[in-house]
Each structure stands twice: as C-alpha cells, then as structure tokens.
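>>> Provide a 3D model corresponding to the input given below.
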Amino acid sequence: MLHTIRQVINNDTIFRNILRGLNKTFYHKTVTSKQIEDYISKTSKIDFSKVFDQYLRTIKIPTLEYSIKAGMLSYRWTSVVPGFNMPVKIYNTKGNLQFIYPKEKPQHLKWNAAQLKVDENFYIYTNQIN
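Numbering: from 1, shown residues only. The predicted structure follows:
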C-alpha cells in the first residue's frame, strides 16, 4: 500500500519527506491510524482517505476493468469502496507512462493499441472484458 501511495505521489522527494516527517512528528508517541493517514494526505496534498479505506479496511484488491474497442479504451474501478478515486499509471501507445484517473463509472480514452499494460508498481488487479 505504501509503495502504491508513493507511485501516486509521483515525487520521491515528497515521499521521503513524508517518511522523515512521520518519524519526527510522531517520535515516541502513541498514535492512531487516522493521525498517520491525515498526516500523509495533508503533507502530500492528495486526499488518500479512500485509498486507506480500500487497502486498510477491506480485503478487496481494486480491479481496473477495461475494454479496447474501435480505437477506444474504456476503463473503470470495480471491487472498490464507494468513491475510490486512485489514479494509476499505464503505458501509453508510445510506451511512455501516463496517469489515468479511473472512477466507478466508465472513463474513455483514444487508444490505438491492442493491449493495456499497467505499471506493476500499483497493487491492483486488471480485468479485460469484451
């Protein structure tokens, strides 16, 4: 989960500062999960509340469901808590990484490849549908 959050932040300096800040801020203190979650979200300036709900409070691994038809990629999250909104990196048709922003409702993107490859640094399942 932490590695996935690191990928979403997409900035190792910020992620390293979060880890160091956690140690400094909460050194020798008893803390709650909520305090840690809030610290990470506030410091990264990204709301990870639904990511924490998904990975810490359910046993379901998010599934990126997708189909490729007529030059169009359709994708959405399944097996997720309501409101789950984590971006994920995919390899675009030129072989470069780019973020997509799946939601529970299908999203669409022009796509000229026969396959979709997701960055392996994200802890998710993929499911191609026809």
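
>>> Looking at this structure, which helix is longest?
What stands out as the longest helix in the chain, according to DSSP state H, is helix 12-26.

>>> got the contact list for that helix?
Identification of contacts with helix 12-26 by C-beta atoms under 8 Å, 6 or more residues apart in numbering yields 5, 6, 9, 35, 36, 39, 40, 43, 44. To be clear about C-beta, it is placed using only N, CA and C from the backbone, and glycine gets the same treatment.

>>> Of the residues you listed, which belong to helices?
Among the contacts of helix 12-26, the residues falling in helices (DSSP H) are 5, 6, 9, 35, 36, 39, 40, 43, 44.

>>> ok, those vs residue 123, which is closest?
Nearest to residue 123 among these, counting by C-beta to C-beta, is residue 5 at 9.8 Å.

>>> Count the neighbours of the closest one for me.
Residue 5 has 20 neighbouring residues, counting by other C-beta atoms under 10 Å.

>>> biggest separation within the ones in helices among the contacts of helix 12-26, which pair?
6 and 35 (19.6 Å).

>>> Count the neighbours of residue 88 for me.
The number of residues packed near residue 88 is 21, by other C-beta under 10 Å.
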